[in-house]
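>>> what follows is a predicted structure for the sequence shown.
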Amino acid sequence: MKTSIALVGFMGTGKTVVGKALAEKLGREFVELDTLIEQKAGKPIPEIFQQDGEVRQESLYLRYSSRMVR
């Protein structure tokens, strides 16, 4: 069974740094959720928030985070 690890926390707390190091140590792929969402939406997170609203931004986080842990 494949197990996913999700790091959750406030901006600037080191999730990306820790996640990359952990992925390397475990021989796993590191996926940055913000980057994935920006690629899928075709625009940066601040633009999504500004143009489409907080509800849309949060729905994208929910959609892609739930897909990542399946």
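Okay, I see it.
>>> CA only for contacts and neighbour counts going forward, please
Fine.
>>> what's the one helix or strand Gln39 maps to packed up against?
Per DSSP states H and E: Gln39 is located in helix 33-41. Using 3 or more Cα pairs under 8 Å, 6 or more residues apart in numbering; DSSP states H and E, the elements in contact with helix 33-41 are helix 45-47, helix 54-68.
>>> export those as JSON lines, with columns for mean pLDDT, distance to Gly12 and mean neighbour count.
Output for these, formatted as JSON lines (pLDDT from 0 to 100; distance: least, Cα to Cα, whole Å; neighbours: other Cα atoms under 10 Å):
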{"stretch": "helix 45-47", "mean pLDDT": "94", "distance to Gly12": "15", "mean neighbour count": "14"}
{"stretch": "helix 54-68", "mean pLDDT": "89", "distance to Gly12": "18", "mean neighbour count": "13"}
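>>> separation between Leu36 and Gln57?
13 Å (Cα to Cα, to the nearest Å).
>>> likewise for Gly12?
19 Å.
>>> then Ala23?
For Ala23, the distance to Gln57 - Cα to Cα - is 26 Å.
>>> circling back: which one of the helices and strands packed on helix 33-41 lies nearest to Ala6?
Between Ala6 and the helices and strands packed on helix 33-41, the shortest separation by Cα to Cα is 8.8 Å, and it involves helix 54-68.
>>> now tell me what touches that closest one from outside.
Applying Cα atoms under 8 Å, 6 or more residues apart in numbering, the contact partners of helix 54-68 are 4, 33, 36-37, 45, 48-49.
>>> what's the lowest-pLDDT member of these?
Of all the contacts of helix 54-68, Ser4 carries the smallest pLDDT score, 85.
>>> which residue ranges make up the domains of the chain?
1-30, 32-70 (automatic domain parsing).
>>> return the most buried member of the ones you listed.
The highest mean neighbour count among the domains of the chain, using mean count of other Cα atoms under 10 Å, belongs to domain 32-70: a mean of 13.
>>> for Gly53, phi and psi?
Dihedral angles of Gly53 (phi, psi; degrees, to the nearest 10) stand at phi 100, psi 160.
>>> from Pro46, how far out is it?
To Pro46, Gly53 is 10 Å away according to Cα to Cα.
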